[in-house]
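S.K.: No letters, just coordinates:
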Ligand SMILES: Nc1ncnc2c1ncn2[C@@H]1O[C@H](COP(=O)(O)OP(=O)(O)OP(=O)(O)O)[C@@H](O)[C@H]1O
Ligand SMILES: C[C@H](N)[C@H](N)CCCCCC(=O)O
Ligand SMILES: [Mg+2]
């Protein structure tokens, strides 16, 4: 019945990986879970049919979960809005002469809720990304009242982006459900082991002090060989 919104401090921070892996672990715990993508930009058009394909992030979610595309993926219930231009959704939609109607996304989520216990809804980019000229992602989350899972990493600059995102969630009266710390950038350019460790230490203390009910999840780098490198466990009371 529950919907959790997966956002992140920016695009490419690991929301898709976090969403797919959380879904996989919930599935292994016997929970009937599905993922959804708010809106996907950068989707390739099928050359023969001319139609937009299934959203890339949905395909990755299913690969990470180790299951095939589901009927609700093929009929695009899990991502009704797909656009070609890999840009902010408001712009990608405009370039396709379309305007995203948030009610379409909400009714897709409700239809998924009828069949699944948990829906993990992944955003595009960060919290203040516009999905229309007038509606920000966070406006939509607030309208629906979804708890937020925020994905971050040890990339230099992440502390500031994480705290700003937490402030934004709190200022709308929304629940910070979890922080997912993605280890993907621990050894990236401009980041080293001390920075990554210092970021983890600071964020964990900050969370414990200001968001004591929020969960801390650690997402390891996934290998390409079966995506089975799960060395983190969701806490018992995660759902
Ligand atoms: N834990 C991880 N293990 C392995 N690769 C990862 C991990 N996290 C991120 N990546 C890599 O970083 C890329 C960007 O991550 P991801 O697609 O999850 O970002 P995103 O936050 O979902 O971006 P978007 O805003 O486009 O949805 C992935 O394609 C993948 O190559
Ligand atoms: C195409 C990209 N990978 C994402 N899906 C969309 C990111 C939108 C970011 C907009 C912005 O913050 O300026
Ligand atoms: Mg993604």
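M.R.: On my side now, so go ahead. Every value quoted in this text rests on a predicted model; they were computed, and no experiment measured them. Ligands and ions are numbered 1, 2, ... in the order given.
S.K.: list the contacts for the residue in the chain that ligand 3 sits nearest to?
M.R.: In the chain, the residue that lies nearest ligand 3 is residue 16 (3.3 Å; Cβ to the ion). Yep, even glycine has a C-beta here, placed from its N, CA and C like the rest. Counting by Cβ atoms under 8 Å, 6 or more residues apart in numbering, residue 16 makes contact with 57, 60, 61, 122.
S.K.: Show me which residues of the chain are close to ligand 2?
M.R.: 11, 41, 42, 86, 88, 124, 125, 126, 129 (Cβ under 6 Å from any ligand atom).
S.K.: Quickly note the distance from the residue located most distally from the centre of the chain to residue 221.
M.R.: Computed with Cα atoms, centre = their mean, the residue of the chain farthest from its C-alpha average is residue 48, at 30.8 Å. Applying Cβ to Cβ, to the nearest Å, the value for residue 48 to residue 221 is 36 Å.
S.K.: how far away is residue 70 from residue 39?
M.R.: 19 Å.
S.K.: Next: residue 166.
M.R.: Residue 166 is 23 Å from residue 39, by Cβ to Cβ.
S.K.: The two: which is more packed in?
M.R.: Ranked by neighbour count (other Cβ atoms under 10 Å), residue 166 and residue 39 place residue 39 first, with 28 against 23.
S.K.: Wait, that one touches residue 99, no?
M.R.: No. Applying Cβ atoms under 8 Å as the test, residue 39 and residue 99 come out as separate, 11.6 Å apart.
S.K.: Report the contact partners of residue 95.
M.R.: Taking Cβ under 8 Å, 6+ apart, we find residue 95 in contact with 83, 84, 85, 87.
S.K.: Redo those as a markdown table? Include pLDDT and secondary structure.
M.R.: Below are the contacts of residue 95 laid out as a markdown table (pLDDT from 0 to 100; DSSP: H, G, I helix; E, B strand; the rest coil):
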| residue | pLDDT | secondary structure |
| --- | --- | --- |
| 83 | 97 | strand |
| 84 | 95 | coil |
| 85 | 97 | coil |
| 87 | 98 | coil |
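S.K.: And those residues, which two are furthest apart?
M.R.: The widest separation within those, taken as Cβ to Cβ, falls between 84 and 87 and amounts to 9.5 Å.
S.K.: Now list whatever residues contact both of the two.
M.R.: Joint contacts of residue 84 and residue 87 (Cβ under 8 Å, 6+ apart) are 41, 42, 95.
S.K.: Which of these lies at the shortest distance from residue 150?
M.R.: Closest approach to residue 150 among those (Cβ to Cβ): residue 41, at 20.6 Å.
S.K.: What separation do you get for that closest one and residue 130?
M.R.: 12 Å.
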